Every structure is written in structure tokens, then in C-alpha cells.
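1. Output the structure for:
(3 chains)
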Amino acid sequence: MAKLGMTLRGVRELLGGGEIRGDEEFYCISVASLEKADPDCLSFVKNERNVEQARRSHAGALLTATPIEGFAGHQMIVEEPQEAFGRVLSQIAAGREAPSGVDPRAVIDPEAHVAAGAAIGPGAVLAKGASVGERVRIGANVYIGEGSSIGDDSVLYPNAVVLADVQVGKRVVIRSGSVIGADGYGYIQRDGRSVGVPQVGTVEISDDVEIGALTTIDRATVDATVIGARTKIGDMVHVGHNCQVGEDVLLLPTCLVSGSVKIGDKAILAGHAGTSDNLEIGAGAAIGGASVAFKDVAPGQTVWGVPAREKGLEMRIQAALKYLPEMLRDWRAAKSKG
Amino acid sequence: MAKLGMTLRGVRELLGGGEIRGDEEFYCISVASLEKADPDCLSFVKNERNVEQARRSHAGALLTATPIEGFAGHQMIVEEPQEAFGRVLSQIAAGREAPSGVDPRAVIDPEAHVAAGAAIGPGAVLAKGASVGERVRIGANVYIGEGSSIGDDSVLYPNAVVLADVQVGKRVVIRSGSVIGADGYGYIQRDGRSVGVPQVGTVEISDDVEIGALTTIDRATVDATVIGARTKIGDMVHVGHNCQVGEDVLLLPTCLVSGSVKIGDKAILAGHAGTSDNLEIGAGAAIGGASVAFKDVAPGQTVWGVPAREKGLEMRIQAALKYLPEMLRDWRAAKSKG
Amino acid sequence: MAKLGMTLRGVRELLGGGEIRGDEEFYCISVASLEKADPDCLSFVKNERNVEQARRSHAGALLTATPIEGFAGHQMIVEEPQEAFGRVLSQIAAGREAPSGVDPRAVIDPEAHVAAGAAIGPGAVLAKGASVGERVRIGANVYIGEGSSIGDDSVLYPNAVVLADVQVGKRVVIRSGSVIGADGYGYIQRDGRSVGVPQVGTVEISDDVEIGALTTIDRATVDATVIGARTKIGDMVHVGHNCQVGEDVLLLPTCLVSGSVKIGDKAILAGHAGTSDNLEIGAGAAIGGASVAFKDVAPGQTVWGVPAREKGLEMRIQAALKYLPEMLRDWRAAKSKG
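-> Predicted structure coming up:
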């Protein structure tokens, strides 16, 4: 259970506001969901649908947008309870002990550069010419290839791999096991055999990007595969070579961006979604869950299905499909009648 | 080829029964499939469909439920040949040399705890407060984060990653490269930008769970992502944050369980299957191969398709679709006639 | 940007031919795409569709099949510009500094064998009886299990894992984080519980195979999972236990080959494609993007869709589906009339 250790008054100070109904000296030992909370926990009411659950919760205190009638514990009224609770969680996360200093069992090439305040875990390898910015945290057994640079305040979790010549911006997070800069799937056919096209480009990860665990982002054939600022990428996502992903894009876990795809700013690919290669997915476009685009998606358009179509049409098709067996029966009966 | 080194009589003793037709002193050097077996191999007949293949096999000896007419080698009649063969394989597997002791090149924090009989490979890292039970085997370059605990007799294969504060039960297997406890995909939108919600919960892996290679199980936002006892998870599966997976569940390779999904006991997700988030998949329910549930699945129900529907309906729809082009042509002809 | 450092004359010598229109002493500092090229870059014109883009490109020099009217820079006319450009890229790739020698922080069992000219990175682990051929390059933190062998001139990138008793051929590439030889998903049900079938077989990777990042190829139950010569496997592909994959097969990124599937020579699985288990995919067959085969695919056949059907039929069905909602409306109207 996540430790908090703060009075409700302290929480109000942290949030910069909020109306306490109950004892402002109530001490919240930890945080939990409505369902799991004990009487020493702070919890929160996400929205109207959770009111009944909140009433029955054993939480000692709640963050809520409207007072919960019949709830036995203390309450703090705030405008955006989910966001407020998130800020409380940030406080907890900030209190986690961060690694510090360079572990003597890290393997740092004499020609690598490690800035002041960076922390490097045991078994991490920085190859020749690799460069790590200020306050960067590199987990155990991470690999940073030749000539790659990691911007200030970035965090790489254990076993992440950044291959050669990759540029990673500031405040970037790369979670465990992800591989940035592998050679992409580039083969041409010659005399019935596949011949590899050398991939000599790179990957550029912009500032404030977050990348989940076990995700692959391949280097470009030439030029660079680019991930725009503030884009958030989930676990087990594949971004193929030469892709140009815009800013504030959301790539949810297990989605697939095939080679040479361009994705505009603020576009969304939901879980298990995908694209074929060489497409343009417009700014603000959305590809639904488990849906796969085989042609361009216009800016702002939402598509759904395999193959993906305009969402309204796909919904009507899916609704109609339930009647297809009956339609078939009637059609056959009419045919046989002549 | 997998070495056995046992007479048929020895195999009978191992199985606690079985009727030998042939020489009980026949010495089985190794095991193989019907197709690949040499005359010094033991093989088995899975079911009726393999009888013809068994007859032609070069195996020296067979485990079979019914005698195979015309097979030249020795036979042992057993009730469940596949299960019996599995027990022979267990014997082989048990004979594999297990690592022993703590490698001097493992990196073990002074405040980590390693129980008697545990084996830790080179390059493995146990952070502060990590705890490893009796007879646990930790492979090379594995990472165990701060405060995480691994129960007795568990096995972690090379390069697996268990991040901070994760509880792993007894007799659990985690295969190579899997990442347990990464922060999940939790963002809220504020002023058009994605703001990360800190993930301060944990993951609880119950006893006898097995987890394949390169699988991700994300930590809960608060509380715990839970995997119930004896659940078997394949390679490259993603289990999102806050999921509650029951006991004896089967999650086949490459399936996707999105965030906050509850899965009842003995449910099955086949290969490439998935769910959208916040669903309930009932006990004993099944989601077919490459099928994706977008709404709850009732206990015991089998669903199929993208989006997943009750299996019988989906089968009828798929069968009817083959006629749709012809139905369309007739519909158009009728329309144009007026 | 990828450094070249060669005059056009030098490029012509490298290619063994080509007609220079412009200054053969023009010095190409680097290479880039038409879109990104600066005046000191060499680029290429893939095909007719890129002619207009080529005309506007800032590239200093172009490889092209036909002269580009109105392009301001130098041109070299070659028959296959993409292939020629690939050879230039190979030249760049060959110039990258390769690691050499065995790093003192590699962990090599006294009973492992390392041939002359092999390079082993820091933190890499070679278990007892592991064997590495001539000029093999093993990246940092790679694991090679007991008794496994890696053929001459193969390359394993950082954090790749090859478990015990796996045979890897010559000139094989295994990219970062991939796991070869994990136990597959083999369970049988006994008294309502899943009992693991020990996986005592192996994996055989033939010569000239390439395997992308974070891919899993599981060992056979008995016998061997086989990947045929020259087959090219992308990132995040799963090949289940007991599969027999032929020669010159293409398995594109994120595709799934379920257990015990046989794939004939030169077959293709496109991105996100999959199969259910125990199928035969014939030689030269193709499974389209995001398409999943639930039954055998005949040699040379192309299938598409979920479930996959003969491509022509699936295309007609998908085209017809757009009219289904309207057909349903008419069908209902006709029913209600009488």
C-alpha cells in the first residue's frame, strides 16, 4: 500500500485549496481506491457513478466534487477530485528514494560523458561517445550506444536499450526493456532472396516523451524516425522505421505504427490498433481499439474496424451484421422460389 | 535431442503403471515426436488421429492408449499417453543442471535478503530491501527492485525485470525479458496536454503462476494489479494497470488485457485476443483467437470476433458473409428495376 | 545524419557503373531522403512517383533511373536506384566501428568456447558449454545459455537472450532484447488445473536468418522449433513452440505464428498478421496485414481478413459491407410490408 503520511490540512496545503468537512487534523497514512481503502486511507470519488460506492467505502477520508451523504469519514470538497488525487500521488512518487551517483559496477567508456547529478545503476553500459545529461537516472543493465545522448532529467528504467546515435530529449521516460534504435525491417528482393537495406539513420525522441516497457522504435533507413514532444507511448508498442510521429500523440499499449507512417499532432491510436505502412494519420485523428487503418485517416477523423472505416459507418455495419444470417435465409428462400 | 537414458521398465516405474508389449529392457536414449524419432527414442501417440503416423514412425518405443497394429517397435499401453509422456519429460527437465549459489558477479544490496539455497546468476541486481526466498533461482542480468519479494522455489530467467515493491508468490516462473511492475498508461488531459498520473500501487503475483517471455504486467495506480493462483500467462502478453485476474486463468501468447479489467477464475483468452478497458470477463468465459471484447463477457460465455460476439452468432455471420457480394448484386438489380 | 564522405566518382566505382551528369568530383558528405537532403547530400529517386519531389529536393546529387528535368544538382543514372543506394548505405554501415576483443567484464564460463576474432561486450554471459564462432559479435548484457552455439559471423545485439541448447547458424542477426528458446505455452488440464508439459526440445536458427528486436521464438516440446535459411523476422514477432518455418520466409513486425505451425518457403506474414495453431501455411502463401488464418493456407494462396479468406472474396465482402446498413433497411421495410 502506498504510504502518504499527511493530515487533511497538509493535503489542502498541497492542493492549494479545498473545503474540509470533518477533522482537518485527520492523518492519512496511505492512499487506496474506494474499494480497497482502510480507515487510515485517503481515497477519491472519480465521478457521479462512484457515489454509491463512496458511501459504502471504508476510507478514512475522501476527495470529492460534491459532498457524499451518508459517508462516515472525513471529506474534502475539490473541483477535480481525480486530478487532485493525482497530485497527492505525485507527492508520494516524489518521496521515493531515487538512485544517486554512479555505481562502481556501471561500465562507462572513457570517452562517454556523464553530467553532474546523473545516477547510473550497476551493470549499465555507456559506450564510446555516449552522453548523459544532468540529473538523468539510468537503471541497472541499461545500454546506451555509441554517440547517443540522453537529455537532462530523463529516466531510463532497468534493461532499457538505446542503440547507437540516438538523440533522446529532456525529461523523457523510457521504461524497462524497451529498445530504441534497432534496425528496421528493410529488405529488397533480389534473385528471389531478401537483401537487407542497411539502416543508417537515427531516432529522435523529443522532450517530455514517455515510452512504456518492451516497446520498439526503429531507426530510419536514412534521416530520422521522430517522436514529437510530449507524445505518450504505452507498453509493447512498435513504431517502424522512418515514422514521423507528431506532438501530444497518444499511442496506447500494444498498438502498431508500421514503417514510414506520419502521425499528426494530438492523434490517438487506441490499444491493439494498427496501421499499414506509408500512411498519413491526420492531426487529431483517432484509430479505435483493435482497429487497423489501411488507408490515410483525415485530420480529426475517427475510424474503427478492421479495415478501419469512418466510425459511424462501421457502427452501423456492425449493428447490421447481427441480422445478416436472417437476411441470408430470406434471400435464399426468395431465390429458390424463383 | 532431449536425453532420457531409461529402460521401458524404468519408464513404467516412473509412471506407476502401464502394460509393456515388447522388451521391458529396451533402453530409450532420448525422446522425440513420432515424426522425428529415431530407433533409440521413446515417443507417444496423442490420439486416434495419430495412429497412422505412429505405424510409420521410426521410434523404438511408444506410449499409446491402444495397441498400434503394424508398429515395429515396443509399446507401452497407458491410459493418458500425452500426460504420461509429459511426466517423462518432467524427469528429463528435473535432470537439467540447476545453477547453485550466489555468483560473485551478482550485485546484491547489503540490505537485500537472500534465503538459504537460492541461486543468483552473474549480473543480477537485487536492490535495497529486495527479498528472495528459499531455493529461488535468479538468472543472469535479472533485476529485482527495492522492497520486492520473490517467494520460495520461484524461478526468474535471464534478463527478467521485477520493479520496486512487487510481491511474487511461491513456485512462480517468470521467463526472460518480462517486466513486472512498470508504470501503466495513466494520463489525464489538462489544457490539451497529457499529464501523467503517478502509479504508486503494486503488483501481486500469486503462487504457482507462470509468466512467459517478454510479457508486461503493470503496477496499479493505487492498490494492486493481481494475478490469481495457478494462472498461466504466455509470451508477449500485456496486462494493464489495476487488472484483477482470477485463479487458473489462461492468457495465451500475445493476448492483451487492457487496464482495470476483471477476469474471473478459469477464464481463457486465446492467442492475439484482447479486451478494451474496465470490462468484466466472467469466470469460465472464453475469448476466441484474435477476438477482442468491447463489452463484458458473462460467466461461462464464449465470444468470438472483432468486436467479439456470442460464438454461435459470430459463426453464422462469418458463414453468411461469403454470400454478401451476391446478395448485394441481387439487391442492386432489384433496386434498379424499381 | 549518416556520413558518407565520397565523390560521385567514388560512388560510381563502388557501384561498378553509372552515368554521371554533372561534376564527378562532387563530394557527398552524407546521405539523406529527398525530403531531408541538404546540398551536401546524396539521395535517390525510388520510382516515377518521386520525380516531382526529386525536382524540388535540395540534395546535392541524386541516383536516378531516368534524368530528372529541372533538378539543380548532380545526377547519376543507374538502373536500380534503390538497390544502388542500398549499396552506398552498406558502405556506410561497414565503416561503423565494430567492437573487438573480449571485454574483461564479460562473464565467460571456463567451459565455454570463444573462437578467434569474436567480440564479447561487457556484462555478456556465456554459460557452461556455450560456443561462439569466429568473428561473432556479442553485445553488452547478452545471455548465451548452457550448450548453445552461435555460428561464425553472427551478431547478437545488447540484451538479447539465447537460452540453453539452442543452435544458431552462421551470419545470423539477433536484435536487442529478443528471447530465443524460452519454454512455450504447453499445459494440459488435470483435475481442473493446468499442468505444465516440460519443454525439453530446442530451437534451430539456420544460416543468414535475421531476427528483430523483442521477438520470441520458443523451444519445441521435444524435437526442435526450426527457422529456415535466410528467413527474415521483424520486431516483436512470436513464433510458438514446435513451429517449422521454411526458407526465405518473411515474418513482418508484430506477426504471430502460433504453436506447431508449418510455414513453407517464401511465404509472407504481413504486419500484425497471425495464425491459429497446428496449421500449414503453404510455400509462397501470403497472409495480409492484420489478417489471421484459422485454417490451412494453400501454397501460393493469398488470404486476407479476420478470419482470413481468399483475398478476392474478402475484398468483395469488404466492399459490399458498406451497403449492408441500407440493405438491412430495405429488408426490414419489405418484411414489415408483408
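2. Give me the pLDDT for the spatially closest residue to A:Ser148 that is not a sequence neighbour.
-> Leaving out its chain neighbours, the residue that sits closest to A:Ser148 by CB to CB, 6 or more residues apart in numbering or on different chains is A:Val166, at 4.5 Å. Backbone N, C-alpha and C define where each C-beta goes, glycine included. The model reports A:Val166 with a pLDDT of 97.
3. Repeat that for A:Val132.
-> Listed pLDDT for A:Val132 reads 97.
4. who touches A:Pro327 in this structure?
-> Rather than Pro, residue A:327 is Met. B:320, B:327, C:327-328, C:331 (CB atoms under 8 Å, 6 or more residues apart in numbering or on different chains).
5. I should have written A:Trp304 there, sorry.
-> Each residue near A:Trp304 by CB under 8 Å, 6+ apart is listed here: A:287-288, A:291, A:311, A:314-315.
6. Generate a PyMOL selection restricted to the buried entries among those residues.
-> This is the PyMOL syntax for the buried subset of the contacts of A:Trp304, where burial follows 16 or more other CB atoms under 10 Å in any protein chain shown:
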select buried, chain A and resi 287+288+291+311+314
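7. I figured the residue nearest to A:Ser148 was touching A:Arg219, is that so?
-> Yes. Applying CB atoms under 8 Å as the test, A:Val166 and A:Arg219 come out as touching, 7.2 Å apart.
8. which neighbours do these two share?
-> Common contacts of A:Val166 and A:Arg219 (CB under 8 Å, 6+ apart): A:181, A:202-203.
9. got the contacts of A:Met327 as TSV, with distance to A:His241 and pLDDT columns?
-> Output for the contacts of A:Met327, formatted as TSV (distance: CB to CB, whole Å; pLDDT from 0 to 100):
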residue	distance to A:His241	pLDDT
B:Ala320	41	97
B:Met327	43	96
C:Met327	43	96
C:Leu328	43	96
C:Trp331	48	95
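10. And those, which is closest to B:Ile188?
-> C:Leu328 (39.5 Å; CB to CB).
11. one step back: nearest to C:Val226, out of the contacts of A:Trp304: which one, please.
-> Looking at those and their distance to C:Val226, the nearest is A:Ser291, at 34.6 Å (CB to CB).
12. How about that closest one, nearest residue that isn't a chain neighbour?
-> Excluding the flanking residues, the one nearest A:Ser291 by CB to CB, 6+ apart is A:Ala308, at 4.5 Å.
13. Please apply the same query to A:Asp109.
-> Taking CB to CB, 6+ apart, and ignoring the residues beside it in sequence, A:Asp109 has A:Lys128 as its nearest neighbour in space, at 4.5 Å.
14. neighbours of the one you found, just the number please.
-> A:Lys128 is flanked by 14 other residues according to other CB atoms under 10 Å in any protein chain shown.
15. ok, back up a step: surely the residue nearest to A:Ser291 meets A:Gly289?
-> No. Taking CB under 8 Å as the definition, A:Ala308 is not a contact partner of A:Gly289, at 10.9 Å.
16. how about the nearest residue to A:Ser154 once chain neighbours are set aside, what does it touch?
-> Using CB to CB, 6+ apart and skipping the chain neighbours, the partner closest in space to A:Ser154 is A:Val172 (4.3 Å). Residues near A:Val172 by CB under 8 Å, 6+ apart: A:150-151, A:154-155, A:205, A:207-211.
17. I'd say A:Pro122 and B:Ala127 touch.
-> No. In this structure, A:Pro122 is not within contact of B:Ala127 by CB under 8 Å, at 9.5 Å.
18. what is in contact with the two at once?
-> Residues touching both A:Pro122 and B:Ala127 (CB under 8 Å, 6+ apart): A:Ala140.
19. Tell me how far A:Leu63 lies from A:Asn50.
-> For A:Leu63, the distance to A:Asn50 equals 12 Å [CB to CB, to the nearest Å].
20. With A:Gly95 instead?
-> Going from A:Gly95 to A:Asn50 by CB to CB gives 27 Å.
21. Compare these two (neighbour count), which wins?
-> The residue with more neighbours, out of A:Gly95 and A:Asn50, is A:Asn50; 20 against 13, by other CB under 10 Å.
22. for the more buried one, helix, strand, or coil?
-> helix (DSSP: H, G, I helix; E, B strand; the rest coil).
23. Also A:Ile29?
-> Going by three-state DSSP: A:Ile29 is strand.
24. shouldn't it be in contact with A:Ala59?
-> No. In this structure A:Ile29 lies outside contact range of A:Ala59 using CB under 8 Å: 11.5 Å.
25. shared neighbours, these two?
-> Contacts common to A:Ile29 and A:Ala59, judged by CB under 8 Å, 6+ apart, are A:Cys41.
26. Where does pLDDT dip in chain A?
-> Where chain A drops to pLDDT under 70, the residues are A:1, A:96-99, A:338.
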